[in-house]
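A.B. asks: Need a 3D model of the following:
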Amino acid sequence: MSLGLLWSDKCFFLVLIVIVVLILNGLRSPPTRLAFMRIFSKPVSVASAIVLLFFLIIGVLDSIHFKPNSRSLLDNILSPIGDVYEKTYSSPLALTLYASEVLMVDGRVKLTHPRLNYVKPTLKNNAQKWMFIRQVLLDALWVSGLLVLGLGLLTIIFKICTRKFLIMSSSCKLGEISKDGTMPITEQLFAYAEMIKRCISKTLLTGLLTLFICLLLVIASYWLSRGLHLLGTGKIGQDIFYATVKSIRTGLMIGILTTLFMMPLALLLGIAAGYFGGIIDDVIQYIYTTLSSIPGVLLITASVLSMQTYIANHPEQFTTLEENADARLLALCFILGVTSWTSLCRLLRAEAMKLKEVDYVLAAKALGSGPFKIIFKHLLPNVMHIVVITFVLDFSFLVLAEAVLSYVGVGVSPLTISWGNMINAARLELAREPLVWWPMLAAFGFMFTFVLASNLLADAVEDAFNPRHHSSA
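C.D. replies: Residues are numbered from 1 along each chain as shown. The predicted structure follows:
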């Protein structure tokens, strides 16, 4: 079995690597370090970051695919719940089907609820089931507690070592600049240690409590899924817990890959329009004004339907169902990126028009610096706070956009597991009798948690990176 990454996987990992490199490079700057300290000095933002980290880990595990059947690493971890199908609906943690059937039992015809195929054979009645659930919860409780306790002790030891390092470093000559113009390694380590120490001091308890809750939920859910359908099954007998967990990757792809297509357009055109002005500014304004005047949903719908037609007319380019679904996912990310760059472009144009009149840019022009050198050395670094704020604010909007588009039938492929497709399939189940509520609740609960954590972290990032909020400091 060898790696068989899809195109969306490669783009996803590429964006993650770029984001990590940019963050590490940005931490070398004192203003950026100060902004990160503001973010992780707030308990709410730390809790949100930990929740999003768990979602990201699941998305990464689900993006490592293997040949020849394109199963992901997450599929192998969750197996066999993704491969076992029941006849039809079953409620969460149930032993039998939701609907009754007429069966022959002991030579007599009875109306009964058939037993589920996936349920652990040792769970023969409800008493044994609840005993199994109670034991799993107790085991998950002490395992999570031990892990968090160990991490807490390591954090305290690290904090003590950091304090000693800061005391030793304070006796050294700091602030010196090496011959090549960079900060000495001692100065950089001192700055990083100071940042980590301050963040730990303010948010240690919140971080450990959030980590404990997340670990408890993850471990308990995984162990319960070994013997029961944790969130029940759907119309065709598919496991709802498996579907909601698999949908995390789709949400991350939509939120992150759309940025890959949106940011270059907005950065290039926005800064060029603001800095050069004249006919270049007029042309770029005409382009984004025209796009903004078209209703977004209609433009996205027309583009998605056109892409579907192209995929249907060129089956030789998409030989498997996985490649077909992956191409449609990438196409949706591209379309959302192309249609959502205009607002960021406007902001960057206005900021570039302001920055090109400041003293250091005028001085660079007087010293003979070319326009491209000025853009990359002076303008681009000074507009990155707008880019970061826009990215985190648009992330949750894009996740919700996928759900809405899939609900109306123009989102990702029906073969792609997503919260939007789950909600679309569950809307008719709410009208049946008896009511089937768990597919809708599961998709809504996961999506709500993901979007809420994204919005809370986005608010903290916006407060930390927006210079207007700290102009008086």
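A.B. asks: Which pLDDT value belongs to Leu405?
C.D. replies: Leu405 is assigned a pLDDT of 78 by the prediction.
A.B. asks: Let the chain start at 17 from now.
C.D. replies: Done: numbering now begins at 17, and the last item shifts to Leu421.
A.B. asks: which residues does it contact?
C.D. replies: With contact set as CB atoms under 8 Å, 6 or more residues apart in numbering, Leu421 has these partners: Ile316, Thr317, Val320, Leu348, Gly427, Val428, Gly436. C-beta coordinates here come from the backbone N, C-alpha and C atoms, glycine included.
A.B. asks: Isn't the second one up against Val420?
C.D. replies: Looking back up the chat, that one is Thr317. No: distance between Thr317 and Val420: 11.1 Å, which falls outside the contact criterion (CB atoms under 8 Å).
A.B. asks: all helices for the stretch 367-489 of the chain, in order.
C.D. replies: Counting by DSSP state H, counting those that start in this stretch, residue ranges of the helices within the stretch 367-489 of the chain are 375-382, 387-390, 396-423, 435-442, 454-481.
A.B. asks: before we move on, back to that, what would the contacts of Leu421 look like in JSON lines with distance to Phe52, pLDDT and neighbour count?
C.D. replies: Conversion of the contacts of Leu421 to JSON lines gives the following (distance: CB to CB, whole Å; pLDDT from 0 to 100; neighbours: other CB atoms under 10 Å):
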{"residue": "Ile316", "distance to Phe52": "34", "pLDDT": "78", "neighbour count": "22"}
{"residue": "Thr317", "distance to Phe52": "40", "pLDDT": "78", "neighbour count": "17"}
{"residue": "Val320", "distance to Phe52": "38", "pLDDT": "76", "neighbour count": "20"}
{"residue": "Leu348", "distance to Phe52": "32", "pLDDT": "82", "neighbour count": "28"}
{"residue": "Gly427", "distance to Phe52": "34", "pLDDT": "73", "neighbour count": "26"}
{"residue": "Val428", "distance to Phe52": "34", "pLDDT": "77", "neighbour count": "25"}
{"residue": "Gly436", "distance to Phe52": "33", "pLDDT": "82", "neighbour count": "27"}
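A.B. asks: Quick check: which of the helices of the stretch 367-489 of the chain is nearest to Val34?
C.D. replies: Smallest distance to Val34 across these (CB to CB): 11.9 Å, for helix 396-423.
A.B. asks: just to revisit the earlier point, out of the helices of the stretch 367-489 of the chain, nearest to Ser116?
C.D. replies: With distances scored as CB to CB, the stretch of those nearest to Ser116 is helix 454-481 (18.1 Å).
A.B. asks: rewinding a little: what would the contacts of Leu421 look like in CSV with distance to Leu446?
C.D. replies: As requested, those are arranged in CSV below (distance: CB to CB, whole Å):
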residue, distance to Leu446
Ile316, 26
Thr317, 25
Val320, 26
Leu348, 26
Gly427, 20
Val428, 22
Gly436, 16
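A.B. asks: tell me which element the closest residue to Ser434 other than its chain neighbours is part of?
C.D. replies: Using CB to CB, 6 or more residues apart in numbering and skipping the chain neighbours, the partner closest in space to Ser434 is Thr266 (4.0 Å). When secondary structure is defined by DSSP states H and E, Thr266 falls within helix 256-292.
A.B. asks: Give the buried residues for that helix.
C.D. replies: Using 16 or more other CB atoms under 10 Å as the test for burial, helix 256-292 gives 256-279, 281-283, 285-291.
A.B. asks: re the thing from before, please identify the most buried of the helices of the stretch 367-489 of the chain.
C.D. replies: Relative to the other members of the helices of the stretch 367-489 of the chain, helix 435-442 carries the highest mean neighbour count by mean count of other CB atoms under 10 Å, namely a mean of 23.
A.B. asks: Now for the residue nearest to Ser61 when sequence neighbours are not counted: which residues touch it?
C.D. replies: Of all residues not flanking Ser61 in the chain, Ala476 sits nearest, at 3.5 Å (CB to CB, 6+ apart). If a contact means CB under 8 Å, 6+ apart, then Ala476 has Arg54, Ile55, Lys58, Val60, Ser61, Ser64 as its contacts.
A.B. asks: Give me the number of neighbouring residues for Ile74.
C.D. replies: The burial count assigned to Ile74 is 19, neighbours taken as other CB atoms under 10 Å.
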